[in-house]
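[1] what's the 3D shape of this:
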Amino acid sequence: MGYSGIVKMKSLGIGSILIACLLPAIVHGQCSNTSPCAFVGGAAFTQPQQLESTAGSLSFSLDVDVYDYTLEWLVIHRRLYNGSLSGPTWRVRRGDTVSLTINNRLTLPHKIGPANQPKLPNTTNIHTHGLHIGSAEPQDNVFVHISPGQSYTYTYTICPDQPAGTYWYHPHLHGSTMLQVHGGLSGMIIVEDPTTGSAAMPAHLAAVSCPNNCAHDVQLLFQPTMQYINNAGRGYANQQQAIEDNPLFRHNQYIITATNQDLETYLTTAANGVDYFTTNGQLWPTLTIPAGQIKRFRMVNAGGSASLELLITDVGGVTATTGCSFMEIAIDGVYLDQARSPRLGKTLIIPSGKADWLVVCDQPGNYEVRSVAANIDNLSFAGFERYNNKLLQITVTGTATSTTLGTTLPGRESFLQDFRSLTENQVEGNFVIEAAAGSTLNREKFSSPTNYRYKMRLGSNQQWFIINTDPGVGHPIHIHVNHFQVISYNPYTGPVSSNARGGLTFWSQASQVCTQQHATYAGVNTPLPANPLRHLGHDVRQAAGGDGTLAYAEIGDFRDAIIIPPLGNITIRFQAHKFTGEIVIHCHILVHEDAGMMMTVEVVDTDSEANLTANIQSGTAYPGTCTICDPYPFSAEPAANNCTAAVINVEGTSDLVYLAFLAVIPLAIIIAVIVVCTGSSSSRVGATGGAAAAAGVSSSSTTAKAAVDSTTSGALNEAFNLQETLIK
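    Coordinates of the predicted model:
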């Protein structure tokens, strides 16, 4: 597409600290966009700008525009907040009101197009990632569009029981999320711990945390700003090409004097190695600390592509140094039971993930915070992009000492209880999130915010299965509003998906075409790749532990995103706490989200008689099923060999009791219901599927449904409706 008019770009000079730390050749102008050279890093570490609430309130604005930003010799043209590569940190407390006005200074024209394609690079919005907050306007509604030249004011109320912790914010504009986030539109949110009362931090943690000891509270926003290498279309220049970005924002306008090659080609050529994360908008900055001084590191992977596998090493090392110690205290903003040494010596932060460390370096010297990707973990990551480079340099001064890190941590909120001990009767709803090849969730691409694929009652305990039918690629699944607890890794007995020109196809593990496909299936089958079952066995490997299992989440941890590996099956549980309305679920490989790997579910008020009907099926197929007799919800156990028995359930009531209750219904209706083995858009529970019915009626303690195949005659449907009326 063409562009007309003058495009506005604001300019930011190189900060004095950065200039002082650059090589003389760079300072003298020998390196530039037309004369590139190696990057050196090493500038003095700086924190992002701080925006702190006072008297229970924080009010501010963020301008979104394209700015010139200089990283050493490279001038990049990026959409930024207020001209900074790392947006300002919001520091808030429980009960605060936050008023944020987004001023979109970007201009038209820009690419428009069909759904689930790269588009709208100059329309924006914002998502408060990880906050326990409502999705209704004017709070965290990610379907708000702030068009070029427009402004919008968000008003957030931080819950009185919001977990204190580390979070972040970023655009969530479907079609341009990847471009905007990887371009630099992101920043941290810190919900500070209370300093008094029963919820106050233990003294050792308060000594290194805001609000009273911010000098030791180190914020580390890791952004994939300089990831130019093409990795399945995820390099920044590839994103600009796909979305047809304004030519004045791209680097193919610069011609390298010595080679006559354009700068974009130089940046995207793997041999040149321009594939870096920045830290707080800096390249490998240097943090100087005295020996024995404990620090709190708050770390965010503010990206949508690569995982970070973090540890502190000697310079250039690949194993943990003996000069520094670090312990995990929180994951995704939620405190652990107690501080712990990282499993396998590294902390995994997946795209969108957060982690807090307590850190102390007792030996003077030079160290690095690095992401080290080891081949031994390839099977658990299974094709996932993994960053392998340094992020932060640490210089430790003074004399050697010996320091012990404290392990006690604040308790968790009541809605973040340990759900592992729940009985089936205490689980009020079951659901399946099914990832598949071709960037689909539950066999469809995103179509509408109100196309709810599941509904649940406010306050209910939910048990969900996250499965991945994709045989070759893992997906980081992010769930808005509520943190969930990781319960188990289960055997995977479900279908295998493939996708190419023939379209999305589901296959059995015996390589037979599934009879249960999806709404747009047209009978043309995409062949399976070679060795499609090579990744089976995640449950066995996770249970065994040890080397090669880094990508698996720790059982019992609370998270808002988790990697579901190829042919994996993970059980999670959570409470649908406090907020009604939509919950967005999507893959946080953001090119997948932009391509349609996103869906919504809804929480409805427990005090209402709300209709719980949802669009759980795609066509006639339930997620996780291959044949008409497979159980739904998906379970860790194999499907029953015969499916002639009724699949009927009332929550909190056994199937036998329910069948006895139905004796008042005419015998012909009972027989007609019993012989059918699959569900319509009503409700269906597998013979081995677990607790509550979770299909058309997603969860209810008062409504009973039977599993009725969508091909059942109209007469049977009418009889079934009569049955429901009598039950009610």
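[2] quick one: low-confidence parts of the protein?
    Within the chain, the ranges that satisfy pLDDT under 70 run 1-29, 607-610, 634-728.
[3] any idea which strand is longest in it?
    The residue-count maximum for a strand in the chain (DSSP state E) belongs to strand 57-71.
[4] that one: which residues count as buried?
    Neighbour counts using 16 or more other CB atoms under 10 Å place Leu58, Leu62, Asp63, Val64, Asp65, Val66, Tyr67, Tyr69, Thr70, Leu71 of strand 57-71 among the buried residues. The C-beta positions use only the backbone N, C-alpha and C, and glycine is treated the same way.
[5] for the third one, list each beta-bridge partner.
    In this case it means Asp63. Asn103 (DSSP bridges).
[6] so it makes contact with Asn82?
    Yes - using CB atoms under 8 Å, Asp63 is in contact with Asn82, at 5.5 Å.
[7] center of this protein - which residue?
    Nearest to the mean C-alpha position of the chain, by CA atoms, centre = their mean, lies His478 at 3.3 Å.
[8] now for it: which residues touch it?
    Residues counted as contacts of His478 (CB atoms under 8 Å, 6 or more residues apart in numbering) are His129, Ser352, Asp560, Ala561, Ile585, His586, Cys587, His588.
[9] now intersect these with the strands, please.
    Using DSSP E, the subset of those located in strands is His129, Ala561, Ile585, His586, Cys587.
[10] surely the last one and Pro476 touch.
    Just to be clear, that refers to Cys587. Yes - contact status for Cys587 versus Pro476: in contact at 6.5 Å, counting by CB under 8 Å.
[11] from the buried residues of strand 57-71, pick the one nearest Ala519.
    Closest to Ala519 out of the buried residues of strand 57-71 is Val64 (36.7 Å), distances taken as CB to CB.
[12] what about that closest one, distance to Ile112?
    18 Å (CB to CB, to the nearest Å).
[13] ok, now Thr600?
    Using CB to CB, which is the criterion applied here, Thr600 is 23 Å from Ile112.
[14] now do Phe222
    Distance from Phe222 to Ile112, by CB to CB: 32 Å.
[15] of those two, who's got more company?
    Phe222 (25 against 12; other CB atoms under 10 Å).
[16] the more buried one: what secondary structure?
    Using DSSP: H, G, I helix; E, B strand; the rest coil, the secondary structure recorded for Phe222 is strand.
[17] isn't it up against Ala306?
    No - contact criterion CB under 8 Å: Phe222 and Ala306 do not qualify, at 9.7 Å.
[18] joint contacts of the two?
    Counting by CB under 8 Å, 6+ apart, the residues touching both Phe222 and Ala306 are Phe277.
[19] mind listing what's buried in the helix or strand hosting Phe326?
    Phe326 belongs to strand 324-331 when assigned by DSSP states H and E. In terms of neighbour count (16+ other CB under 10 Å), strand 324-331 has its buried residues at Cys324, Ser325, Phe326, Met327, Glu328, Ile329, Ala330, Ile331.
[20] next: stretch 197-213.
    By neighbour count on 16+ other CB under 10 Å, the buried set for stretch 197-213 is Met201, His204, Leu205, Ala206, Val208, Ser209, Cys210, Pro211.
[21] before we move on, what about stretch 382-400?
    For stretch 382-400, by 16+ other CB under 10 Å, it's Ala382, Phe384, Glu385, Arg386, Tyr387, Lys390, Leu391, Leu392, Gln393, Ile394, Thr395, Val396.
[22] re the thing from before, in JSON lines: the contacts of His478, plus distance to Thr440 and neighbour count.
    Output for the contacts of His478, formatted as JSON lines (distance: CB to CB, whole Å; neighbours: other CB atoms under 10 Å):
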{"residue": "His129", "distance to Thr440": "23", "neighbour count": "26"}
{"residue": "Ser352", "distance to Thr440": "20", "neighbour count": "23"}
{"residue": "Asp560", "distance to Thr440": "21", "neighbour count": "26"}
{"residue": "Ala561", "distance to Thr440": "18", "neighbour count": "23"}
{"residue": "Ile585", "distance to Thr440": "12", "neighbour count": "22"}
{"residue": "His586", "distance to Thr440": "11", "neighbour count": "27"}
{"residue": "Cys587", "distance to Thr440": "10", "neighbour count": "27"}
{"residue": "His588", "distance to Thr440": "15", "neighbour count": "26"}
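[23] considering those, which is situated nearest to Leu567?
    Top of the list for closeness to Leu567, among those and by CB to CB, is Cys587 at 16.3 Å.
[24] so which strand or helix has Asp539?
    Using DSSP H and E, Asp539 sits within helix 538-544.
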